[in-house]
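1. dropping the sequence and predicted coords here.
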Amino acid sequence: MQPSKIALIVIDVQNDFCPGGALAVNEGDLIVPGINALMDDADAVILTQDWHPAGHSSFASSHEGRDPFALIQMPYGPQVLWPEHCIQGSAGGAFHADLNTDRADMVIRKGFNPAIDSYSAFFENDHQTPTGLEGYLRTRGIKKLTMVGLATDFCVNFSAVDAAKLGFDVTVQMDLCRAIDLDGSLIAAVDGMNAAGVTLA
Ligand code: VGL
Ligand code: ZN
């Protein structure tokens, strides 16, 4: 039997989530060298890229009188409102300059639907609309996933929980992730990932 193939999924290591960016995650840049090193051990490397059109519905600026980090109800459920970030084609939406993007087999973009945010690499925030990543991984025969990146409590968390629900064997390498930590969101994310059967390493 062949050992099962492992994919490294690198979530949203983009300038806007690094210090100086529009939605900066503390120490977001510090994880880049460790992520590059992990690529050597992976059978497949997949990068995700948060990729919003201007005026995206997840931006506070798209909702009159709302401030960033407020929570609102959208037709698909609760949604945190964010500062404008990762706009398609912007410098903030580009990958961190030191990330080894050459090693990526595939880049999957998400959050391009103006009306729905997409934290997860697998489904938009309606938890129904697929991004196509599941099919990509399955057709390549990949069953094990290692996830790293930004932010632990949002896009890494949603991606890891969805992957576990889909039946993948998921490990989140916590030292190569950094969190936004909004109102206890990091603890809630850790609890949620544990409950979904994700291994936190
Ligand atoms: C993310 C908030 C908004 C993330 C993306 O990558 O965790 N967080 N968009
Ligand atoms: Zn976003």
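-> Yep, that arrived. Remember, it's a predicted structure, so these values are computed and weren't measured experimentally. Ligands and ions are numbered 1, 2, ... in the order given.

2. is it true that Ser159 touches Met147?
-> Yes. Assessed by CB atoms under 8 Å, Ser159 is found in contact with Met147 at 6.1 Å. C-betas here are computed from N, CA, C, even on glycine.

3. any shared contact partners between these two?
-> Common neighbours of Ser159 and Met147, using CB atoms under 8 Å, 6 or more residues apart in numbering, are 9, 11.

4. just list the residues touching Gly149, thanks.
-> Shown in contact with Gly149 (CB under 8 Å, 6+ apart): 9-13, 31, 35, 48, 155-156, 176-177.

5. okay, these in JSON lines with secondary structure and distance to ligand 1 next?
-> Formatted as JSON lines, these follow (DSSP: H, G, I helix; E, B strand; the rest coil; distance: CB to the nearest ligand atom, whole Å):
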{"residue": "Ile9", "secondary structure": "strand", "distance to ligand 1": "12"}
{"residue": "Val10", "secondary structure": "strand", "distance to ligand 1": "11"}
{"residue": "Ile11", "secondary structure": "strand", "distance to ligand 1": "6"}
{"residue": "Asp12", "secondary structure": "coil", "distance to ligand 1": "4"}
{"residue": "Val13", "secondary structure": "coil", "distance to ligand 1": "9"}
{"residue": "Ile31", "secondary structure": "helix", "distance to ligand 1": "13"}
{"residue": "Ile35", "secondary structure": "helix", "distance to ligand 1": "14"}
{"residue": "Thr48", "secondary structure": "strand", "distance to ligand 1": "8"}
{"residue": "Cys155", "secondary structure": "helix", "distance to ligand 1": "3"}
{"residue": "Val156", "secondary structure": "helix", "distance to ligand 1": "7"}
{"residue": "Leu176", "secondary structure": "strand", "distance to ligand 1": "14"}
{"residue": "Cys177", "secondary structure": "strand", "distance to ligand 1": "10"}
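
6. any chance of those in CSV with pLDDT and neighbour count as columns?
-> As requested, the contacts of Gly149 are exported to CSV (pLDDT from 0 to 100; neighbours: other CB atoms under 10 Å):
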residue, pLDDT, neighbour count
Ile9, 98, 29
Val10, 99, 32
Ile11, 98, 31
Asp12, 98, 29
Val13, 98, 27
Ile31, 98, 24
Ile35, 98, 23
Thr48, 98, 29
Cys155, 98, 26
Val156, 98, 32
Leu176, 98, 25
Cys177, 98, 26
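
7. distance to Gly197 added to those residues, as CSV?
-> Output for the contacts of Gly149, formatted as CSV (distance: CB to CB, whole Å):
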residue, distance to Gly197
Ile9, 17
Val10, 22
Ile11, 19
Asp12, 23
Val13, 25
Ile31, 24
Ile35, 24
Thr48, 21
Cys155, 19
Val156, 16
Leu176, 20
Cys177, 18
